[in-house]
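Student: Let me see the structure of the following:
(chains A and B)
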Amino acid sequence: MDTREVIRRYLIEHSATPSITTFDEELSLLDQGVLDSFGLVTLVEFLEVQFGLQVADDEIDAVVFSTFHRLCDFVERKQAGRDVTPSRRPTG
Amino acid sequence: MTMPTGSPAVSGVGHYVPERIVTNDELAPLLGTTADWILHKSGIRERRFAAPGQTNAHLALQASRQALASAGLEPDTLDMIVVATLSPDHFFPGVSAALQAGLGVTRPIPAFDLHAQCSGFLYGLGVAQGFLLSGRYAHVLLVGSELHSTGLDLSARGREVSMLFGDGAGAMVLSQRAEGGQRPFVVELFADGRFARELWMEAPGASLPPHRLTPEDIQSGRCFPVMEGKNLILHASRKLAQAGRAAVERAGLTLGQVDWIVPHQANLHLLTALERALGVPAERVLKNISRVGNTSAASIPIALSEAMASGKIRRGHRILLLGFGSGFTWGGCLFEY
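Tutor: The predicted model follows:
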């Protein structure tokens, strides 16, 4: 099973809304009720274990986890060893 | 790593929450939502709001009097007062000044506010420990006190933040332990300023000329706290677990040897995530967020004081305190009561 299919199945099986059997890949997973804030935490734990990734603090960004497409892109970039650090707003 | 010598003792605790209970049913219409939505998103059923005219210093004073009584000490035996708060009554002087006067302390002991947001009480423990270990001071009063209700955006725009916060204060008297008394007391503190705007309040501020607060700041909501909530829980659960493990390891203990974990009561979902991250049973993690909401720097000492008053936490128990907040700041404290 490829990466995207593994993630899709996980999201449906652990959906914050039990009745969900499918979702729009371009829309917000939170808005669709697929994820809630606690689900976000367990999703990151799952990705780290399932794909052997280490998600660094710098890489934690709600945009990354907003849609299925962005999420899969993040995982695939991590697997390819590419930079996934989001640009952060200046704090000065 | 060896244990620090002359570990401080917790000689008294106290807390105070205002009488007025604000339920989700009362708050929800103001926030353009439902009571169930608030409960589902936060685990909070009600919080306390101060009465009109009641100040942060007043909350701190009630909690401090209780802590002093519990320690069996008079105010003039104190050597230092530290107040952790992000909601001071005024820019200056701090809540600590009013508290010192309110307690009737006549000695010119140092009194100051400490600004480390929801981790403020943890930072205060580090400060108190340092002064007690120096041998210079025998008794330090540490207070976490917040008056949030006067600074919340009680509209649909602010509901993600405003549903969380309540008012209250918790206090602790820390004392030098009698000679020969050695117990674990470890404080681990952290900060990462790159995340300062993930949870912050822009105005009023000295960086905003000409008058630090304009009508536009109020109109636009810049005078209210805002947060990137979806990020926060990820950061907070990981950092709280990191701080907890660091404190326990430095004390030469394991998490299995800790009797109670008292985390900052930010959101029930965060507390659940923390239990998973630490791998500890839910029964060992104290939670009062459903009754008092998020009281920032006051949340840890309020939960601690409640549990000590009820007899749940007893002398000899090992306690792990964990805090995370704006900054980001975070930390842990492992001590034996």
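Student: so where is chain A shaky, pLDDT-wise?
Tutor: A:82-92 (pLDDT under 70).
Student: and if we set it to 50?
Tutor: The model of chain A has pLDDT under 50 over residues A:89-92.
Student: Contact residues of it facing chain B?
Tutor: By CB under 8 Å from any CB of the partner chain, the residues of chain A that approach chain B are A:30, A:36-38, A:40-42, A:44-45, A:57, A:60-62, A:65, A:88-89, A:91. (Each C-beta comes from the backbone N, C-alpha and C, glycine too.)
Student: Among the residues you listed, which are located in helices?
Tutor: Using DSSP state H, the subset of the residues of chain A next to chain B located in helices is A:37-38, A:40-42, A:44-45.
Student: now these in a markdown table, with neighbour count?
Tutor: Listed next are those as a markdown table, based on neighbours: other CB atoms under 10 Å in any protein chain shown:
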| residue | neighbour count |
| --- | --- |
| A:S37 | 22 |
| A:F38 | 19 |
| A:L40 | 23 |
| A:V41 | 23 |
| A:T42 | 17 |
| A:V44 | 20 |
| A:E45 | 16 |
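Student: and of these, the nearest to B:L320?
Tutor: Within those, proximity to B:L320 (CB to CB) peaks at A:V41, which comes in at 19.7 Å.
Student: For the closest one, which non-adjacent residue is closest in space?
Tutor: Spatial nearest neighbour of A:V41, excluding adjacent residues (CB to CB, 6 or more residues apart in numbering or on different chains): B:A273 at 4.2 Å.
Student: any idea how far A:M1 is from the one you found?
Tutor: With the distance defined as CB to CB, to the nearest Å, B:A273 ends up 27 Å from A:M1.
Student: do B:H139 as well
Tutor: Counting by CB to CB, the gap from B:H139 to A:M1 is 63 Å.
Student: Neighbour count: the two, which is higher?
Tutor: B:H139 (21 against 8; other CB atoms under 10 Å in any protein chain shown).
Student: Which residues are in contact with that one?
Tutor: Shown in contact with B:H139 (CB atoms under 8 Å, 6 or more residues apart in numbering or on different chains): B:11, B:71, B:73, B:77-80, B:173-176.
Student: and it, bridged to which residues?
Tutor: B:H139 has these beta-bridge partners by DSSP bridges: B:S175.
Student: Most widely separated two among the ones in helices among the residues of chain A next to chain B?
Tutor: Pairwise distances among those were taken by CB to CB; the largest, 13.7 Å, belongs to A:S37 and A:E45.
Student: neighbours of the closest residue to chain A within the stretch 51-200 of chain B, just the number please.
Tutor: Nearest to chain A, among the residues of the stretch 51-200 of chain B, is B:A196, at 4.2 Å (CB to the nearest CB). Look at B:A196: counted by other CB under 10 Å, it has 18 neighbours.
Student: The residue nearest to A:V41 touches B:I233, doesn't it?
Tutor: Yes. Under the criterion of CB atoms under 8 Å, B:A273 makes contact with B:I233 at 6.3 Å.
Student: Quickly list what's touching both of the two.
Tutor: A:38, A:41.
Student: So between those two, which is more surrounded?
Tutor: B:A273 (26 against 23).
Student: Starting from the helix or strand that contains the more buried one, tell me the next helix or strand along the chain.
Tutor: In this assignment (DSSP states H and E), B:A273 forms part of helix B:268-278. Toward the C-terminal end, the helix or strand that comes next after helix B:268-278 (DSSP H and E) is helix B:289-292.
Student: Just the CA trace of that following helix, in CSV.
Tutor: Below are the C-alpha coordinates for helix B:289-292, written out as CSV (Å, rounded to 0.1, in the frame of the first residue of the first chain):
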residue,chain,number,x,y,z
ILE,B,289,-10.3,22.5,34.1
SER,B,290,-14.0,21.6,33.7
ARG,B,291,-14.7,23.7,36.9
VAL,B,292,-12.3,26.6,36.7
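Student: outside of the host helix or strand of A:L47, which residues touch it?
Tutor: Using DSSP H and E, A:L47 maps to helix A:37-51. Helix A:37-51 is contacted from outside by A:3, A:6-7, A:10-11, A:14-16, A:30, A:35, A:53-55, A:60, A:65, A:75, A:78-79, B:41, B:229-230, B:233-234, B:237, B:267, B:269-270, B:272-273, B:276-277, using CB under 8 Å, 6+ apart.
Student: Stretch A:28-35 now?
Tutor: So stretch A:28-35 is contacted by A:11-12, A:15-17, A:20, A:23-24, A:36, A:40, A:43, A:65-68, A:71, B:230 (CB under 8 Å, 6+ apart).
Student: what residues are up against the closest residue to B:E202 other than its chain neighbours?
Tutor: Once flanking residues are discounted, B:E202 sits nearest to B:R222: 4.5 Å by CB to CB, 6+ apart. B:R222 makes contact with B:202-203, B:216 under the criterion CB under 8 Å, 6+ apart.
Student: Give me the distance between B:A243 and B:L189.
Tutor: As judged by CB to CB, B:A243 and B:L189 stand 8 Å apart.
Student: what residues are shared contacts of the two?
Tutor: Residues touching both B:A243 and B:L189 by CB under 8 Å, 6+ apart: B:330-331.
Student: report the angle between the axes of the helix or strand B:K239 falls within and helix A:37-51?
Tutor: Taking DSSP H and E as the definition, one finds B:K239 inside helix B:229-250. In terms of direction (axes from the mean of the first three to the mean of the last three CA atoms, to 10 degrees), helix B:229-250 departs from helix A:37-51 by 70 degrees.
Student: Give me the helices and strands touching whichever strand or helix holds B:C333, please.
Tutor: In this assignment (DSSP H and E), B:C333 forms part of strand B:329-336. Here strand B:329-336 touches helix B:120-133, strand B:185-191, helix B:229-250, strand B:318-325, going by 3 or more CB pairs under 8 Å, 6 or more residues apart in numbering or on different chains; DSSP states H and E.
Student: now the longest one, how far from the centre of its chain.
Tutor: Distance, stretch centre to chain centre, for helix B:229-250: 16 Å (CA atoms, centre = their mean, to the nearest Å).
Student: and the residue in the stretch 1-150 of chain B that chain A sits nearest to, what helix or strand is that in?
Tutor: Residue nearest to chain A within the stretch 1-150 of chain B: B:K41 (7.7 Å; CB to the nearest CB). Secondary structure from DSSP H and E places B:K41 in helix B:35-42.
Student: Need the contact partners of the next helix or strand after that helix.
Tutor: Once the chain leaves helix B:35-42, the next helix or strand it forms, by DSSP H and E, is strand B:46-49. Strand B:46-49 has contacts (CB under 8 Å, 6+ apart) with B:17-24, B:149, B:165-168, B:290-294.
Student: Type out the ChimeraX command that picks the buried ones from those.
Tutor: Under the burial definition 16 or more other CB atoms under 10 Å in any protein chain shown, those of those that qualify are selected in ChimeraX by:
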select /B:17,18,22,24,149,165,166,167,168,291,292,293,294
